[in-house]
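K.L.:
Dropping the sequence and predicted coords here.
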Amino acid sequence: MALSLSRTVFLFSAVVSLATVHGDTPANCTYEDARGTWLFYLGPTGFNSTVDCSKPFDVKRTIRVELLYPDVAQDEFGNQGFWTLIYNQGFEVVVGTHKYFAFSNYTSVNKTVINHCSSTTPGWSHDLMSRNWACYFGEKITTVSSKKVYIPLEEKLDLQRKYVPNEVFVSKINSVQSLWEATHYPEMYGWTLGDLQRRAGGIPQTATPRPPTAAVSEELRLAASQLPNSFDWRDRDREDFVSPIRNQGQCGSCYAFASMAMMESRLRVLTNNSLQVVLSPQDVVGCSEYSQGCEGGFPYLIAGKYAQDFGAVEESCFPYLGVDSACNEKKDCMRYYATNYYYVGGYYGACSEPLMRLELVNNGPVAVGFEVLNDFLNYKGGIYRHTGLTDKFNPWVITNHAVLVVGYGSDQAVCPLFPFRGNFL
Ligand SMILES: *[C@@H]1O[C@H](CO)[C@@H](O)[C@H](O)[C@H]1NC(C)=O
Ligand SMILES: *[C@@H]1O[C@H](CO)[C@@H](O)[C@H](O)[C@H]1NC(C)=O
Ligand SMILES: *[C@@H]1O[C@H](CO)[C@@H](O)[C@H](O)[C@H]1NC(C)=O
Ligand SMILES: *[C@@H]1O[C@H](CO)[C@@H](O)[C@H](O)[C@H]1NC(C)=O
Ligand SMILES: *[C@@H]1O[C@H](CO)[C@@H](O)[C@H](O)[C@H]1NC(C)=O
């Protein structure tokens with residue numbers, strides 16, 4: 001972990017755990033789709049981060065990269081590096097002197113998405129210092145995956161329907177269990193189901209197969225067993241290392257809020273709470289090509305990759321609008337860069353509870369994916385566990401939300417629990 005302060009730059013290390021999500025691109029490619037041998041077709045080099053990879057480019061060079069189990073990337077010159085899937089959206093490869101990231105390829109016709117998991121959309125390549133950019137796309141030359149077709153589940157719901165207050169549902173939640181308390185939120189009354197769905201995570205996703213959790217060594221297990229039984233970054237030696245909760249409104253920007261919140265906390269942790277900034281989620285919504293604005297994105301690509309390649313800016317540089325917008329940053333804003341980023345355990349899928357607790361206590365709050373079920377819309381406080389109840393007046397499909405984990409506790413009667421702090425309400 002490095003912190004290096006210079007006039008306009010803060011460096012820190014970002015980390016994310018598991019899926020961390022929301023609507024995103026409609027791509028739905030698996031670990032097995034990615035694993036294998038790829039050709040990367042590279043365009044002209046020598047660009048900076050302003051390169052526009054959406055324009056056609058001439059292929060100048062081709063490199064062959066093998067993506068091996070679980071996270072080893074090997075190029076045709078024998079260089080060994082690293083790769084990770086990013087949920088079901090695409091993969092990042094670091095090998096030789098360069099990093100490569102592209103979303104998986106898909107086409108859509110009449111709301112039917114066709115996944116072409118054996119190729120990528122045009123993506124970005126640059127050296128390890130985020131310099132010398134080029135565009136590229138990838139094509140898989142082994143075990144070409146079949147096309148998959150799906151119609152987004154939300155098509156089956158009437159997203160224009162207005163939310164209906166449902167007292168019976170709230171009372172029912174409160175009567176069947178006592179771990180957490182449910183309440184009414186009058187602010188939701190004028191909203192459509194689509195608004196609520198976007199705030200909670202956007203286009204529904206169901207779990208995508210991922211590589212098995214990385215084995216936890218005896219050493220790590222021992223280290224984790226020596227951690228405190230409960231831990232909270234909001235009260236660490238009576239200091240609060242977590243910035244205030246914010247409301248994302250009707251934009252599917254949970255991933256941007258979770259990412260900025262993690263960076264804010266990590267900057268506090270690294271500076272013994274002397275640097276307390278509020279960073280700009282709108283900058284991510286309006287400026288990042290590594291995410292889909294109000295349609296979602298992933299903390300790995302924001303608190304990690306975007307923060308490393310472009311840096312985050314403060315809220316005052318680009319105040320929150322809560323809608324898709326152009327990239328209207330003020331001039332000459334201070335930028336905060338990540339020196340490093342990784343999934344807990346090293347790659348997508350590797351995360352486990354001991355690793356998560358170690359990361360949290362040793363380095364700071366962790367952005368995570370969180371499955372939002374119908375009853376969570378009425379969450380007020382307490383230890384959330386799904387009641388199994390659904391609100392038939394307000395039909396719902398499971399969505400993936402991004403939140404920030406700031407601590408944990410343990411309760412022998414239940415199971416290890418993670419208090420969360422997100423941007424939900
Ligand atoms: C990137 O390159 C363009 C074109 O060469 C140049 O105009 C621009 O100032 C550069 N931007 C940065 C941030 O270096
Ligand atoms: C898309 O839907 C329209 C209207 O239902 C239909 O006329 C058209 O043929 C469809 N296109 C394809 C490629 O299926
Ligand atoms: C994406 O898939 C479509 C359909 O197979 C194909 O025509 C297109 O060339 C692919 N894009 C890339 C960058 O390979
Ligand atoms: C994505 O693909 C996986 C595995 O092929 C499947 O189980 C899952 O239902 C798919 N998700 C969506 C949203 O289609
Ligand atoms: C961190 O800040 C606290 C509270 O201001 C102070 O008591 C403590 O000495 C500081 N720790 C270090 C290592 O500077």
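P.N.:
Thanks, I have the structure now. Ligands and ions are numbered 1, 2, ... in the order given.

K.L.:
Can you name the next helix or strand after the helix ranked longest in the chain?
P.N.:
Assignment by DSSP state H gives helix 254-270 as the longest helix of the chain. Moving toward the C-terminus from helix 254-270, the next helix or strand (DSSP states H and E) is helix 281-287.

K.L.:
So for the closest residue to residue 27 other than its chain neighbours, what pLDDT did the model give?
P.N.:
Closest residue to residue 27 apart from its sequence neighbours, by CB to CB, 6 or more residues apart in numbering: residue 104 at 4.0 Å. Where C-beta positions appear, they are placed from N, C-alpha and C, glycine not excepted. Residue 104 is assigned a predicted lDDT (pLDDT) of 94.

K.L.:
Show me what secondary structure element comes after the helix or strand encompassing residue 104.
P.N.:
If you go by DSSP H and E, residue 104 is part of strand 98-109. Next helix or strand after strand 98-109 toward the C-terminus (DSSP H and E): strand 112-120.

K.L.:
Could you see whether ligand 4 lies near that next one?
P.N.:
No. Shown here: strand 112-120 not in contact with ligand 4 (CB under 6 Å from any ligand atom), separated by at least 8.2 Å.

K.L.:
between that strand and strand 98-109, how big is the angle?
P.N.:
150 degrees (axes from the mean of the first three to the mean of the last three CA atoms, to 10 degrees).

K.L.:
Averaged pLDDT, strand 112-120. What do you get?
P.N.:
Mean predicted confidence for strand 112-120 is 89.

K.L.:
Residue 311 and residue 333, how far apart?
P.N.:
9 Å (CB to CB, to the nearest Å).

K.L.:
So for the two, which sits in the more crowded spot?
P.N.:
residue 311 (21 against 17; other CB atoms under 10 Å).

K.L.:
Count the residues that sit near the nearest residue to the more buried one once chain neighbours are set aside.
P.N.:
Nearest residue to residue 311, sequence neighbours excluded (CB to CB, 6+ apart): residue 335, at 3.1 Å. Applying other CB under 10 Å, we find 17 residues neighbouring residue 335.

K.L.:
what does the one 4 residues further on give?
P.N.:
Around residue 339 there are 15 other residues, counting by other CB under 10 Å.

K.L.:
next one: the helix or strand harbouring it to chain centre, how far?
P.N.:
Using DSSP H and E, residue 339 sits in strand 335-343. Distance of strand 335-343 from its chain centroid, counting by CA atoms, centre = their mean, to the nearest Å, is 14 Å.

K.L.:
next one: stretch 223-239
P.N.:
The chain centre lies 24 Å from the centre of stretch 223-239; the measure is CA atoms, centre = their mean.

K.L.:
Can you give me the first-to-last residue distance of it?
P.N.:
24 Å (CA to CA, to the nearest Å).

K.L.:
How about residue 25, nearest residue that isn't a chain neighbour?
P.N.:
residue 103 (5.3 Å).

K.L.:
Output the below-cut-off pLDDT ranges for the protein.
P.N.:
Applying pLDDT under 70 to the chain flags residues 1-23, 144-156, 202-210, 412-425.

K.L.:
Name the nearest residue to residue 283, sequence neighbours excluded.
P.N.:
In space, residue 283 is closest to residue 318, 4.4 Å off (CB to CB, 6+ apart).

K.L.:
Report the separation between the one you found and residue 374.
P.N.:
For residue 318, the distance to residue 374 - CB to CB - is 34 Å.

K.L.:
Of these two, which one has the most company?
P.N.:
Using other CB under 10 Å as the criterion, residue 318 and residue 374 rank with residue 318 on top: 24 against 20.

K.L.:
wait, isn't that one in contact with residue 330?
P.N.:
Yes. Counting by CB atoms under 8 Å, residue 318 does reach residue 330; the two are 6.9 Å apart.

K.L.:
Now the terminal residues of stretch 107-121, how far apart.
P.N.:
Using CA to CA, the end-to-end distance of stretch 107-121 comes to 10 Å.

K.L.:
wait, residue 100 sits on residue 40?
P.N.:
Yes. In this structure residue 100 lies within contact range of residue 40 using CB under 8 Å: 6.1 Å.

K.L.:
anything in contact with each of the two?
P.N.:
Overlap of the contact sets of residue 100 and residue 40 (by CB atoms under 8 Å, 6 or more residues apart in numbering) consists of 65, 125, 136, 138.

K.L.:
what helix or strand does residue 173 sit in?
P.N.:
helix 167-176.

K.L.:
helices or strands up against the helix or strand just after that helix?
P.N.:
Following helix 167-176 in sequence order, the next helix or strand is strand 180-182 (DSSP H and E). If you count contacts as 3 or more CB pairs under 8 Å, 6 or more residues apart in numbering; DSSP states H and E, strand 180-182 packs onto helix 167-176, strand 379-382.

K.L.:
Tell me which residues are up against strand 180-182.
P.N.:
Contacts for strand 180-182 (CB under 8 Å, 6+ apart): 169-170, 173-174, 375, 378-385.

K.L.:
hmm, 7 Å instead?
P.N.:
Residues outside strand 180-182 that contact it (CB atoms under 7 Å, 6 or more residues apart in numbering) are 170, 173, 174, 375, 378, 379, 380, 381, 382, 383, 384.

K.L.:
buried set for that strand?
P.N.:
Of the residues in strand 180-182, 180, 182 count as buried by neighbour count, 16 or more other CB atoms under 10 Å.

K.L.:
I'd like the distance from it to the chain centre, please.
P.N.:
Worked out by CA atoms, centre = their mean, strand 180-182 lies 27 Å from the chain centre.

K.L.:
quick one on the thing from earlier: list the residues that contact the residue nearest to residue 27.
P.N.:
By CB under 7 Å, 6+ apart, the contact set of residue 104 is 27, 29, 89, 90, 115, 117, 120.

K.L.:
and what of residue 373?
P.N.:
386, 398.

K.L.:
who in the stretch 101-250 of the chain is up against ligand 3?
P.N.:
Counting by CB under 6 Å from any ligand atom, the stretch 101-250 of the chain sits next to ligand 3 at 105, 107, 116, 119, 121, 137.

K.L.:
thinking again about what came up before, tally of neighbours for the residue nearest to residue 25?
P.N.:
21.
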